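Enquirer: Sequence and predicted structure, then a few things I'm wondering about:
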Amino acid sequence: MQRPLTTAPALAALAALALVLGGCATGAGPMAPSPSSSTTIDNCGVEVPVTAPPKRVITIKSTSTEMLLALGLQKRIVGTAFQDGPVPEKWAAAAAGIPVLADKVPSQEVVLDANPDFIYAGWESNFSADGAGMRADLAALGIRSYVSPAACKEAAYQPSRLTFADIDHEIGEIATIFGVDDSALLAEQHATLASIKKDDRGLSALWFSSGSDIPYVGAGIGAPQLILDTIGVRNIAADVKDTWASYNWESVIAANPDVIVLVNASWSTTEKKIGVLENNPATAQLDAVKHHRYLIVPFAASEAGVRTVDAAADLAAQLKALDLG
């Protein structure tokens, strides 16, 4: 799991930390620490100072962009990169006009040309010498950085099994860094979550992300597992201790899942994956394939973030409407 916030012994920092933790626990929005505070957030092993709220932000990956849009921080985004698909309609107007810096991970040159004071990334790998830059090097230039905690890879920071409390925690940390109130967003998230009714039929599912010879699937500790748990469906790859993982068709065929979740991405469309399933003589005999029991989720909603609860609600509705004979 993520390590807790760390603070200096100053009374102001301790007070700020108490407000942050209290906000995450109760759903109330955290107050921003004073810019003079030495509070830091331990993010994937990197200390992120909580000082003056960022004013010029680059977001890398859809999860980070959409988190800031959900918190009403679109005016602070000076550029996005590596977006996984269009933003939901409810944020489309807010996202209009935000510059796109790169289709994939931006180079350090592109990053520095945008003159950011903060970079918010969806994956740790977005920060590299060949990518946006190493986090320590960026910090030396006065550019703070943050990675979605669900994407932390070190054992001490990677969630053992993602929960909605982990997503709430990220919302709270970003709200604290940017000095905004997260209470409305948390209330919306919790209300949507409370509205989801679990399916009680004991159904199983394959979460099929990509691949043909070797399927790449949603495994047992990340957003796919959390979403399937939330809608009451058993993940056939739940015993794989990873967020996503390479799997094998033999195990899929043996499990014969009741439904198949298809992740729709520009590089691996729903239609492509249906073709893989229906053109393979073995997988074509799966009950879910023969009866077209497919649930669809956009790739951008399949990673942990502010869209996870909406993805669960949408898949629950699709499952309810599915004819299971």
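Expert: Cool, got the structure. Residues are numbered from 1 along each chain as shown.

Enquirer: CA only for contacts and neighbour counts going forward, please
Expert: Will do.

Enquirer: what residues go with each domain of the protein?
Expert: Domain assignment for the chain by automatic domain parsing gives 11-192, 198-321.

Enquirer: Span of the shortest one from start to end?
Expert: If I follow you right, that is domain 198-321. The first and final residues of domain 198-321 sit 14 Å from each other (Cα to Cα, to the nearest Å).

Enquirer: quick one: it to chain centroid distance?
Expert: Using Cα atoms, centre = their mean, to the nearest Å, the distance from the centre of domain 198-321 to the centre of the chain it belongs to is 17 Å.

Enquirer: and what of stretch 87-99?
Expert: Its chain's average C-alpha position is 18 Å from that of stretch 87-99, according to Cα atoms, centre = their mean.

Enquirer: Next: stretch 42-56.
Expert: Counting by Cα atoms, centre = their mean, stretch 42-56 comes out at 19 Å from the chain centroid.

Enquirer: ok, now stretch 90-104?
Expert: Counting by Cα atoms, centre = their mean, stretch 90-104 is centred 17 Å from the centre of its parent chain.

Enquirer: Tabulate the domains of the chain in TSV, adding columns for mean neighbour count.
Expert: As requested, the domains of the chain are exported to TSV (neighbours: other Cα atoms under 10 Å):
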stretch	mean neighbour count
domain 11-192	19
domain 198-321	19
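
Enquirer: OK, contacts around residue 218?
Expert: Counting by Cα atoms under 8 Å, 6 or more residues apart in numbering, residue 218 touches 206, 207, 208, 209, 224, 225, 237, 243, 244, 245.

Enquirer: which residues are in contact with the helix or strand where residue 314 lies?
Expert: Secondary structure from DSSP states H and E places residue 314 in helix 308-321. The contact list for helix 308-321 (Cα under 8 Å, 6+ apart) reads 189, 192-193, 195-199, 223, 227-228, 230-231, 295-297, 301-302.

Enquirer: hmm, 7 Å instead?
Expert: The contact list for helix 308-321 (Cα atoms under 7 Å, 6 or more residues apart in numbering) reads 189, 192, 193, 196, 227, 230, 231, 295, 297, 301, 302.

Enquirer: if we can go back for a sec, tabulate the domains of the chain (a markdown table), appending mean pLDDT.
Expert: Output for those, formatted as a markdown table (pLDDT from 0 to 100):
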| stretch | mean pLDDT |
| --- | --- |
| domain 11-192 | 87 |
| domain 198-321 | 96 |
